[in-house]
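Trainee: Any chance you could fold what I've pasted below:
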Amino acid sequence: MALFTDTDSYWAESPSHILKKRLLCEGDSWFSIPSIAHIPLQLEALLDASFLCLADPGDTLEELTAGLQFKKIKTLLASERFGQKWDALLLSVGGNDVIGPEIRGLLNAPADPASTNPDHYLNQEAVEQMFAVLDERLRQIIGLRDQSPINREMPIFIHTYSYLTPRDEGHKVLAWRISGPWIHRYMVPLGITDCSLQQAIVAKLLDGFHGRLERIADETNEFHVIDTRKSLEPVLCRNRKGSQKLWRDEIHPSRKGFARIAKSFFVPALLKAGVITDADLRR
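Mentor: Numbers count the residues shown, from 1 in each chain. Model (predicted):
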C-alpha cells in the first residue's frame, strides 16, 4: 500500500516509494471519510504512485489555512529540511463551506414563499462573502506553493463536488447515525420543502463555487479545476428514502460513486496535466 495518512509513517517508508510519483492530498471527508473508500483510496488502487493524505472529515478551508494544519502544509511544501518535491497537490476543500453545515448562514426565508427562483432563498450578501473568503484562503495555499523553492511549479488540483439531492440521510456506521444530514435539516425550517427547489439551490451554490474556482485558475499558473458537478446523478426526488448505488448519504458518494469520480475525472485530469503517464496506471 502506498497511501499514508501521517507524516511519520510516510517518511519511515520513504525508500519504498521514493521513485514513485508523489501526491499530497489535503481536505475534507471526500478525501478521508473512514467508512467509505474515498477518492485517495480509489486513486491508490488505480495508480502506482505514492500518496500522503492529511485530510480530515469536516475540515473547512479556514481550518486548513490556520494553525497547525497550515504549518504542516507549509512544512511539507517549503521546508528545506522536512519538505520534499511533490508531483501534485490534490485538494478537496470548500464543500463544508458551500454545501455543508455552513449552508445555514447562506439561506433565506423568501419574501414570497411561493417563489421557485433559487436566488430568492439565498442571502446573496452572505454567499458573496463566503466565496470571497474561500478565494482568499485558496490563494493562501497557492501562495505557499509559489513561495516554495522546491515546489513552485507543482500543479494544484481541486474538485467541485457533485450536484445532489438534499434529503434526511445522515452518515451511518452500521445502524448508528454519526453525522448529518447537512443541508435538508436547515432548509425545511425555512419552508424550503420542495425537492426540485432544494436541488436548484444546491446547484446554484455549486455553480457559484465552480465559477470562483475557474476565476482563480484563469489568474494562476498550474491550478486545475476538476469539474465533478455532473459526475454522479442526483438521487431522484421520488426515491429519496430508497437505497442508492452511487450515494452513501446526503452529501457523500458511495464506494461506487467515489470510484467513478476517481477513474473518470481525477485520472484523466492528472494525465492531461502530465502529472502521471500511462506507465503509472495499474494494469
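
Trainee: that's a helix at Asp119, yeah?
Mentor: Yes. Asp119: assigned to a helix according to DSSP: H, G, I helix; E, B strand; the rest coil.

Trainee: Quick check: pLDDT value at it.
Mentor: Asp119 carries a pLDDT value of 97.

Trainee: do the same with Gly170
Mentor: The model's pLDDT for Gly170 equals 87.

Trainee: Nearest residue to it in space, please, no chain neighbours.
Mentor: Sequence neighbours aside, Gly180 is the residue nearest to Gly170 in space, at 3.3 Å (criterion: Cβ to Cβ, 6 or more residues apart in numbering). For the C-beta atoms, the positions are set from N, CA and C on the backbone; glycine is no exception.

Trainee: show me where the protein has strands.
Mentor: 3-4, 21-27, 49-53, 88-92, 156-159, 171-173, 176-179, 223-226 (DSSP state E).

Trainee: which residues touch the residue nearest to Gly170?
Mentor: By Cβ atoms under 8 Å, 6 or more residues apart in numbering, the residues touching Gly180 are 169-171, 249-251.

Trainee: By mean pLDDT, show me the worst of the strands of the chain.
Mentor: Minimum mean pLDDT among the strands of the chain: strand 176-179, a mean of 65.

Trainee: can you list the weak-confidence ranges in the stretch 1-150 of the chain?
Mentor: 1 (pLDDT under 70).

Trainee: State the distance from the residue lying closest to Leu41 once chain neighbours are set aside to Ser50.
Mentor: In space, and not counting its chain neighbours, Leu41 is closest to Leu3: 6.4 Å by Cβ to Cβ, 6+ apart. Leu3 sits 8 Å away from Ser50, going by Cβ to Cβ, to the nearest Å.

Trainee: quick one, which of those two is more surrounded?
Mentor: Neighbours per residue (other Cβ atoms under 10 Å) separate Leu3 from Ser50, with Ser50 holding more: 23 against 18.

Trainee: ok, back up a step: nearest to Leu213, of the contacts of Gly180?
Mentor: Distances from Leu213 to these, taken as Cβ to Cβ, are shortest for Ile251 (18.2 Å).

Trainee: excluding its backbone neighbours, what's nearest the closest one?
Mentor: Trp182 (5.4 Å).

Trainee: shouldn't that neighbour be in contact with Gly100?
Mentor: Yes. Contact criterion Cβ atoms under 8 Å: Trp182 and Gly100 qualify, at 5.0 Å.

Trainee: Find residues that contact each of those two.
Mentor: By Cβ under 8 Å, 6+ apart, the residues touching both Trp182 and Gly100 are Ile251.

Trainee: These two - which one has more neighbours?
Mentor: Trp182 (24 against 20).

Trainee: residues contacting the more buried one?
Mentor: Contacts of Trp182 by Cβ under 8 Å, 6+ apart are 99-101, 103, 250-251.

Trainee: Then Ile36?
Mentor: Contacts for Ile36 (Cβ under 8 Å, 6+ apart) come out as 248, 252-255, 258.

Trainee: Could I get the phi/psi values of Arg167?
Mentor: Taking degrees, to the nearest 10, you get phi -160, psi 160 for the backbone angles of Arg167.

Trainee: For the residue nearest to it when sequence neighbours are not counted, list the residues it contacts.
Mentor: Using Cβ to Cβ, 6+ apart and skipping the chain neighbours, the partner closest in space to Arg167 is Arg240 (4.3 Å). Counting by Cβ under 8 Å, 6+ apart, Arg240 touches 165, 167-169, 195.

Trainee: same thing with Gly27?
Mentor: Gly27 neighbours (Cβ under 8 Å, 6+ apart): 55, 59, 64, 90-93.

Trainee: Which of those residues has the largest number of neighbours?
Mentor: Top of those by neighbour count (other Cβ under 10 Å): Leu90, with 28 neighbours.

Trainee: Against His171, how distant is that one?
Mentor: 22 Å.

Trainee: just Ser243 next, same as before
Mentor: Relative to His171, Ser243 is positioned 15 Å away (Cβ to Cβ).

Trainee: With Trp11 instead?
Mentor: Separation of Trp11 from His171 (Cβ to Cβ) stands at 32 Å.

Trainee: same thing with Leu19?
Mentor: With Cβ to Cβ as the criterion, Leu19 and His171 are 38 Å apart.

Trainee: So between these two, which is more surrounded?
Mentor: Remark: of Leu19 and His171, His171 carries more neighbours, 21 against 8, as counted by other Cβ under 10 Å.
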